[in-house]
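Engineer: I would like the atomic coordinates for the input below:
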Amino acid sequence: MNAEKRKETYSLHSLLGFLAMGKTGANPPVSAVLTDETGSILASAHTQKFGGYHAERELYSRYPNTGENQVLSVSLEPCTHFGKTPPCRDLVIEKKPKEIKLGWKDPNPLVSSGDWEKYAESGISVTLDPMLAKVSLPFLQGFLHRIKTGRPWVWIKAATSIEGNYASKEKRKERVSSEEMDLYLQVFRAKMDAIAVGPGTVFVDSPSLHFRITEEMVLTQKPGIRVTELEPFFEAGAGLISSLLSYTKDSEKLHRLEEEVYQPFRIFCLDENRLPSETFFAKQRELTEKFGVKKCIFFILTEDDSKPIAKELEEQIKILSPYEGILIYSDEGDKFLEILGELGINTLLCEAGSFFPNFLQNELSEEDRVLEIRNEKKSIPNGIPFVYHNEPLISEYQVGSNRIFIRKPQRSI
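Structural biologist: Model (predicted):
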């Protein structure tokens, strides 16, 4: 395979992973590409929505033809267990490609990872491909992280002024990021399994948190560029933002067509002493009815978890959530993340004011990331600084008047 065809295959894996991310539920967003002996692409696919075909099975359902010299490249090792679908390994052996190139071994304990004797017995060679691992990591990181740690891959996001402040001292409700970022941020939301907000935001803003794209967002979107010259080879966070800037414009129609599938869970942390208004609950009921599925999760901050949840709140939760309300203390950020991991949440976006930097101050890992969007045309003098605005920089981008910083959280508050 020549260099140009290899580049085409890797680029296709990247796009497939991006499109799969956000709609596969607890399953990993895997990409699969089938090529002939010259490297020409025969077929490609990605994992379908949760409960649907995995990438390999979807690929062969589209292209059942087999050939002696075909090469199958898959971003994650084919599964070996029966789940909602039969093992993909058995299907691949049946199709008998000459070679399988893998990006990552599967850390799932249900998978017999590295047990490739059955492939060898069928005359199929298996190799690990570092470049395939690199291009697929941004989309698989959430799954790999959850299987390894039991917690989702966490992003802390904030829009800040040119001074690095996220709000005025009075916490006035005002727009900070520019409209040029709206489309990117909505598609970024679609890539996440869950979006979370703290009690102050819920009480003041009554946020919807659902994924949506409007014509105005499409018209005001501006192209993004990477400012940073170098970044680590295996860097999932920067890779995801680079993909977001590269693919958003051309994929927005597809995301709009599959709006229902790309909806993240909406996670609300509530203060038991300051519950949200009826406006908030009405908005969430409307979204639940619109999409036909309960996608809210409620955590109630309490000082005494032996007290029951207020009956009125409990009734609202039953309408909006597939789970009961979860009582939690203000220092139980670990419990918060572990519960979400148990629910199969691979990726979590925390909309940051002051709540999540405090709530998760001792819980962020080396792999978690901070996304700061600094609007150089917005000034909030003497405002409240974003806690992480001086953390070590991994990568920087520019979209219109917005500087986008990807940072690694290193300190506690």
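Engineer: so how far is Lys311 from the closest residue to Lys98 other than its chain neighbours?
Structural biologist: Spatial nearest neighbour of Lys98, chain neighbours left out: Asn69 (5.1 Å); criterion: C-beta to C-beta, 6 or more residues apart in numbering. Every residue, glycine included, has its C-beta placed from N, CA and C. Distance of Asn69 to Lys311, computed by C-beta to C-beta, to the nearest Å: 67 Å.
Engineer: cool, Leu287 as well?
Structural biologist: 23 Å.
Engineer: Tell me where the protein has helices.
Structural biologist: For the chain, helices defined by DSSP state H occupy the ranges 3-20, 55-62, 88-95, 117-121, 130-149, 182-191, 199-205, 215-220, 236-257, 278-291, 311-320, 333-342, 355-359.
Engineer: closest to Ala167 out of those?
Structural biologist: Checking those against Ala167 by C-beta to C-beta gives helix 199-205 as the closest, at 10.1 Å.
Engineer: Is the residue nearest to Lys98 in contact with Thr35, as I believe?
Structural biologist: No. Contact criterion C-beta atoms under 8 Å: Asn69 and Thr35 do not qualify, at 9.5 Å.
Engineer: More neighbours: which of the two?
Structural biologist: Taking other C-beta atoms under 10 Å, Asn69 and Thr35 do not tie; Thr35 has more neighbours (25 against 11).
Engineer: Show the contacting residues for the more buried one.
Structural biologist: Thr35 makes contact with Met1, Lys5, Thr9, Ile41, Leu42, Gln70, Val71, Ser73 under the criterion C-beta atoms under 8 Å, 6 or more residues apart in numbering.
Engineer: State the pLDDT value of it.
Structural biologist: The model reports Thr35 with a pLDDT of 96.
Engineer: now swap in the one 3 residues further on and tell me
Structural biologist: The per-residue pLDDT reported for Thr38 equals 92.
Engineer: Do I have it right that it meets Glu8?
Structural biologist: No. When contacts are counted by C-beta under 8 Å, Thr38 is not listed as touching Glu8 (11.8 Å).
Engineer: Domain boundaries for this protein, per the record?
Structural biologist: 3-137, 151-407 (automatic domain parsing).
Engineer: ok, of those domains, where does mean pLDDT dip lowest?
Structural biologist: For those, where the average pLDDT is lowest is domain 3-137, sitting at a mean of 91.
Engineer: what's the span of that domain from first residue to last?
Structural biologist: 21 Å (C-alpha to C-alpha, to the nearest Å).
Engineer: how near is Glu366 to Asp334?
Structural biologist: 16 Å.
Engineer: The two: which is more packed in?
Structural biologist: When neighbours are counted by other C-beta under 10 Å, Glu366 and Asp334 differ, and Asp334 comes out ahead with 12 against 7.
Engineer: tell me, how many neighbours does the nearest residue to the more buried one once chain neighbours are set aside end up with?
Structural biologist: Distances taken as C-beta to C-beta, 6+ apart put Glu363 closest to Asp334, at 5.5 Å, once the chain neighbours are dropped. By other C-beta under 10 Å, 19 other residues sit near Glu363.
Engineer: swap in Asn2?
Structural biologist: Using other C-beta under 10 Å, Asn2 has 9 other residues around it.
Engineer: ok, now which ones touch Arg189?
Structural biologist: Neighbouring residues of Arg189 by C-beta under 8 Å, 6+ apart: Ile195, Leu209, Phe211, Pro264, Leu349.
Engineer: Relative to Ala194, how far out is the second one?
Structural biologist: Put plainly, it is Leu209. 9 Å.
Engineer: okay, and the common contacts of the two?
Structural biologist: Joint contacts of Leu209 and Ala194 (C-beta under 8 Å, 6+ apart) are Pro264, Arg266, Ile267.
Engineer: and which of those residues is nearest Phe299?
Structural biologist: Ile267 (7.1 Å).
Engineer: so how many other residues sit close to Glu252?
Structural biologist: 19.
Engineer: how far away is it from Tyr166?
Structural biologist: According to C-beta to C-beta, Glu252 stands 27 Å off from Tyr166.
Engineer: Settle this for me: Cys296 is touching Ser321, isn't it.
Structural biologist: Yes. Contact status for Cys296 versus Ser321: in contact at 4.5 Å, counting by C-beta under 8 Å.
Engineer: hang on, the earlier thing: which one of Leu287 and Lys311 is surrounded by more residues?
Structural biologist: Neighbours of Leu287 and Lys311, each counted by other C-beta under 10 Å, are more numerous for Leu287; the result is 20 against 8.
Engineer: need the contact list for that one.
Structural biologist: Counting by C-beta under 8 Å, 6+ apart, Leu287 touches Ser208, His210, Arg266, Lys295.
Engineer: Look up how far Ala194 lies from it.
Structural biologist: To Ala194, Leu287 is 15 Å away according to C-beta to C-beta.
Engineer: try Gly51
Structural biologist: In terms of C-beta to C-beta, Gly51 sits 18 Å off from Ala194.
Engineer: more neighbours, the two?
Structural biologist: Neighbours were counted for Gly51 and for Ala194 using other C-beta under 10 Å; Ala194 has more, 20 against 11.
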